[in-house]
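Q: Provided below for reference: sequence and predicted model.
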Amino acid sequence: PVAGRRFPLAIAQRLDILVDLPGTGAFPILARLEGTRRRTGIVLATPGAPVERLDEIGLDKMQPINNSLETRLTARAPLSPRKPDLVHRIVLSGGMKPYSWSLNGENWPHITPLMLQKGQRVEIEMVNHSMMAHPMHLHGHAFQVIAVNGRPIQGAMRDTVLVTPMMGSVRIAFDANNPGRWPLHCHNLYHMVTGMMTEVRYDSIKV
(Lines give C-alpha, C1' and ligand atoms only; values in the text may rest on other atoms or scores of the structure.)
Protein backbone atom coordinates (compact mmCIF):
# COMPACT_ATOMS: atom_id res chain seq x y z
CA PRO A 1 0.00 0.00 0.00
CA VAL A 2 1.05 3.58 -0.72
CA ALA A 3 -0.53 6.70 0.74
CA GLY A 4 -1.54 9.73 -1.27
CA ARG A 5 -4.22 12.11 -2.46
CA ARG A 6 -3.71 11.79 -6.21
CA PHE A 7 -3.30 8.52 -8.12
CA PRO A 8 -2.42 8.68 -11.83
CA LEU A 9 -4.13 5.87 -13.72
CA ALA A 10 -3.66 4.96 -17.38
CA ILE A 11 -6.28 3.49 -19.69
CA ALA A 12 -7.11 -0.12 -18.67
CA GLN A 13 -5.26 0.05 -15.34
CA ARG A 14 -7.06 -0.60 -12.05
CA LEU A 15 -6.43 0.38 -8.46
CA ASP A 16 -7.97 -0.56 -5.14
CA ILE A 17 -8.17 2.63 -3.09
CA LEU A 18 -9.01 2.64 0.62
CA VAL A 19 -10.49 6.02 1.54
CA ASP A 20 -9.95 7.16 5.11
CA LEU A 21 -12.42 9.92 5.94
CA PRO A 22 -10.91 12.44 8.36
CA GLY A 23 -14.14 13.02 10.28
CA THR A 24 -17.69 14.23 9.71
CA GLY A 25 -18.62 16.12 6.57
CA ALA A 26 -18.78 15.69 2.80
CA PHE A 27 -15.74 14.56 0.82
CA PRO A 28 -15.49 14.68 -3.00
CA ILE A 29 -13.66 11.78 -4.65
CA LEU A 30 -12.85 13.02 -8.14
CA ALA A 31 -11.62 11.52 -11.38
CA ARG A 32 -9.97 14.03 -13.68
CA LEU A 33 -9.24 13.75 -17.39
CA GLU A 34 -5.72 14.69 -18.47
CA GLY A 35 -5.28 17.76 -20.62
CA THR A 36 -8.66 19.22 -19.63
CA ARG A 37 -10.47 20.81 -16.67
CA ARG A 38 -13.22 18.16 -16.84
CA ARG A 39 -13.91 16.00 -13.83
CA THR A 40 -16.42 13.51 -12.48
CA GLY A 41 -16.73 11.48 -9.32
CA ILE A 42 -18.72 10.87 -6.18
CA VAL A 43 -19.22 12.61 -2.84
CA LEU A 44 -18.90 10.56 0.34
CA ALA A 45 -20.87 12.15 3.17
CA THR A 46 -21.38 11.23 6.78
CA PRO A 47 -25.00 11.16 8.04
CA GLY A 48 -26.59 14.61 8.08
CA ALA A 49 -23.69 16.39 6.39
CA PRO A 50 -24.65 18.99 3.75
CA VAL A 51 -23.55 18.13 0.20
CA GLU A 52 -22.81 20.98 -2.18
CA ARG A 53 -23.12 20.64 -5.92
CA LEU A 54 -19.76 20.58 -7.70
CA ASP A 55 -19.19 21.96 -11.18
CA GLU A 56 -18.00 19.39 -13.71
CA ILE A 57 -15.31 21.87 -14.79
CA GLY A 58 -12.45 22.40 -12.35
CA LEU A 59 -10.25 25.44 -11.95
CA ASP A 60 -7.00 24.02 -13.32
CA LYS A 61 -6.09 21.80 -16.26
CA MET A 62 -5.07 18.25 -15.38
CA GLN A 63 -1.48 17.50 -16.30
CA PRO A 64 -0.60 14.45 -18.46
CA ILE A 65 -0.48 11.09 -16.70
CA ASN A 66 3.01 9.90 -15.81
CA ASN A 67 4.64 6.97 -14.04
CA SER A 68 5.23 8.69 -10.69
CA LEU A 69 2.93 6.17 -8.98
CA GLU A 70 4.34 3.23 -10.93
CA THR A 71 7.82 3.80 -9.50
CA ARG A 72 6.43 3.76 -5.93
CA LEU A 73 4.61 0.44 -6.21
CA THR A 74 6.08 -2.91 -5.24
CA ALA A 75 4.62 -6.36 -5.80
CA ARG A 76 3.11 -8.12 -2.81
CA ALA A 77 3.87 -11.43 -4.58
CA PRO A 78 6.77 -10.67 -6.95
CA LEU A 79 8.33 -13.00 -9.48
CA SER A 80 11.01 -15.28 -8.08
CA PRO A 81 14.57 -14.04 -8.77
CA ARG A 82 15.79 -15.45 -12.07
CA LYS A 83 17.82 -14.36 -15.07
CA PRO A 84 15.83 -13.95 -18.27
CA ASP A 85 15.95 -16.71 -20.84
CA LEU A 86 14.67 -14.36 -23.53
CA VAL A 87 14.66 -10.58 -24.00
CA HIS A 88 12.59 -8.76 -26.63
CA ARG A 89 12.87 -5.04 -27.42
CA ILE A 90 9.89 -3.23 -28.89
CA VAL A 91 9.98 0.27 -30.36
CA LEU A 92 6.67 2.13 -30.18
CA SER A 93 6.25 4.65 -32.97
CA GLY A 94 3.69 6.52 -35.02
CA GLY A 95 2.03 9.88 -35.30
CA MET A 96 -1.07 11.91 -35.98
CA LYS A 97 -0.32 12.59 -39.67
CA PRO A 98 -0.80 10.08 -41.09
CA TYR A 99 -2.73 8.53 -38.20
CA SER A 100 -0.75 5.31 -37.98
CA TRP A 101 0.89 3.54 -35.04
CA SER A 102 3.32 0.62 -35.05
CA LEU A 103 5.44 -1.76 -33.00
CA ASN A 104 8.95 -2.35 -34.33
CA GLY A 105 7.92 -0.62 -37.54
CA GLU A 106 5.17 -3.16 -38.21
CA ASN A 107 1.41 -2.59 -38.39
CA TRP A 108 -1.11 -5.24 -37.41
CA PRO A 109 -1.84 -7.70 -38.96
CA HIS A 110 1.45 -7.61 -40.88
CA ILE A 111 3.67 -8.39 -37.91
CA THR A 112 6.47 -10.69 -36.81
CA PRO A 113 5.31 -12.55 -33.67
CA LEU A 114 7.40 -12.42 -30.51
CA MET A 115 8.21 -16.11 -30.13
CA LEU A 116 8.84 -17.82 -26.79
CA GLN A 117 8.81 -21.23 -25.15
CA LYS A 118 6.88 -22.52 -22.16
CA GLY A 119 8.92 -22.27 -18.98
CA GLN A 120 11.03 -19.32 -20.05
CA ARG A 121 11.48 -16.14 -18.03
CA VAL A 122 10.77 -13.44 -20.60
CA GLU A 123 11.63 -9.76 -20.45
CA ILE A 124 10.24 -7.15 -22.84
CA GLU A 125 11.67 -3.66 -23.04
CA MET A 126 9.33 -1.11 -24.63
CA VAL A 127 10.77 2.19 -25.84
CA ASN A 128 8.46 4.97 -27.01
CA HIS A 129 9.70 6.95 -30.03
CA SER A 130 6.38 8.74 -30.46
CA MET A 131 4.98 11.96 -29.03
CA MET A 132 2.09 10.24 -27.26
CA ALA A 133 1.86 7.92 -24.24
CA HIS A 134 0.82 4.30 -24.82
CA PRO A 135 -0.78 2.04 -22.19
CA MET A 136 0.56 -1.34 -23.29
CA HIS A 137 -1.54 -4.40 -22.45
CA LEU A 138 -0.45 -8.04 -22.60
CA HIS A 139 -3.12 -10.74 -22.72
CA GLY A 140 -2.79 -14.09 -20.99
CA HIS A 141 -0.15 -13.16 -18.40
CA ALA A 142 0.54 -11.02 -15.37
CA PHE A 143 3.91 -9.32 -15.67
CA GLN A 144 6.11 -7.45 -13.20
CA VAL A 145 7.34 -3.95 -13.97
CA ILE A 146 11.11 -4.16 -13.43
CA ALA A 147 12.39 -0.86 -14.85
CA VAL A 148 10.99 2.58 -15.73
CA ASN A 149 13.05 4.90 -17.93
CA GLY A 150 16.10 2.72 -17.37
CA ARG A 151 15.79 2.75 -13.57
CA PRO A 152 15.46 -0.77 -12.11
CA ILE A 153 12.56 -1.29 -9.72
CA GLN A 154 10.78 -4.24 -8.14
CA GLY A 155 7.44 -2.94 -9.29
CA ALA A 156 3.84 -4.02 -9.36
CA MET A 157 2.30 -7.05 -11.03
CA ARG A 158 0.32 -5.71 -13.98
CA ASP A 159 -1.31 -6.57 -17.27
CA THR A 160 -1.16 -2.95 -18.49
CA VAL A 161 1.63 -0.40 -18.08
CA LEU A 162 2.04 3.13 -19.41
CA VAL A 163 5.01 3.91 -21.66
CA THR A 164 5.50 7.68 -21.57
CA PRO A 165 6.30 9.69 -24.73
CA MET A 166 9.57 10.96 -26.20
CA MET A 167 11.90 8.05 -25.38
CA GLY A 168 10.12 6.88 -22.24
CA SER A 169 10.77 3.21 -21.57
CA VAL A 170 9.42 0.38 -19.45
CA ARG A 171 10.82 -3.12 -18.96
CA ILE A 172 8.55 -5.95 -17.89
CA ALA A 173 9.15 -9.58 -16.92
CA PHE A 174 6.89 -12.61 -16.84
CA ASP A 175 7.03 -16.39 -16.75
CA ALA A 176 5.85 -18.09 -19.92
CA ASN A 177 3.30 -20.39 -18.28
CA ASN A 178 0.19 -20.03 -20.45
CA PRO A 179 0.71 -21.42 -23.97
CA GLY A 180 -1.25 -19.67 -26.67
CA ARG A 181 -1.26 -16.78 -29.11
CA TRP A 182 -1.62 -13.62 -27.06
CA PRO A 183 -2.11 -10.02 -28.23
CA LEU A 184 0.22 -7.30 -27.01
CA HIS A 185 -1.24 -3.91 -27.89
CA CYS A 186 -1.77 -0.30 -26.99
CA HIS A 187 -4.98 0.02 -25.00
CA ASN A 188 -5.74 3.36 -26.57
CA LEU A 189 -7.97 1.55 -29.03
CA TYR A 190 -7.62 4.30 -31.66
CA HIS A 191 -3.93 3.38 -31.77
CA MET A 192 -4.53 -0.37 -31.73
CA VAL A 193 -6.89 -0.40 -34.70
CA THR A 194 -4.43 1.59 -36.80
CA GLY A 195 -1.64 -0.89 -36.25
CA MET A 196 -0.21 -0.82 -32.71
CA MET A 197 -0.61 -4.51 -31.93
CA THR A 198 1.58 -7.58 -32.16
CA GLU A 199 1.44 -11.17 -30.95
CA VAL A 200 3.25 -13.11 -28.26
CA ARG A 201 3.27 -16.71 -29.51
CA TYR A 202 4.49 -19.93 -27.93
CA ASP A 203 6.51 -22.01 -30.39
CA SER A 204 4.36 -25.07 -29.56
CA ILE A 205 1.28 -23.39 -31.03
CA LYS A 206 0.64 -24.24 -34.68
CA VAL A 207 -0.77 -21.53 -36.92
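A: Nice, thanks for sending it over.
Q: Tell me which residue lies nearest the centroid of this structure.
A: Residue closest to the mean C-alpha point of the chain, counted by Cα atoms, centre = their mean, is Val161 at 2.2 Å.
Q: ok, now which ones touch that one?
A: By Cβ atoms under 8 Å, 6 or more residues apart in numbering, the contact list for Val161 reads 10, 13, 70, 135-136, 143, 145, 170, 172. For the C-beta atoms, the positions are set from N, CA and C on the backbone; glycine is no exception.
Q: In this structure, what residue spans correspond to helices?
A: With DSSP state H, the ranges of helices along the chain come out as 189-192.
Q: ok, Gly119 touching Ala176?
A: Yes. In this structure Gly119 lies within contact range of Ala176 using Cβ atoms under 8 Å: 6.3 Å.
Q: the more surrounded of the two?
A: Taking neighbours as other Cβ atoms under 10 Å, Gly119 and Ala176 compare with Ala176 leading, 18 against 9.
Q: what's near enough to touch that one?
A: 116-122, 141, 202.
Q: Same question for Glu125.
A: By Cβ under 8 Å, 6+ apart, the contact set of Glu125 is 87-90, 147, 169-171.
Q: one more time with 10 Å, if that's ok
A: Glu125 sits next to 87-91, 146-147, 150, 169-172 when contact means Cβ atoms under 10 Å, 6 or more residues apart in numbering.
Q: Can you tell me how far it is from Asp85?
A: To Asp85, Glu125 is 15 Å away according to Cβ to Cβ, to the nearest Å.
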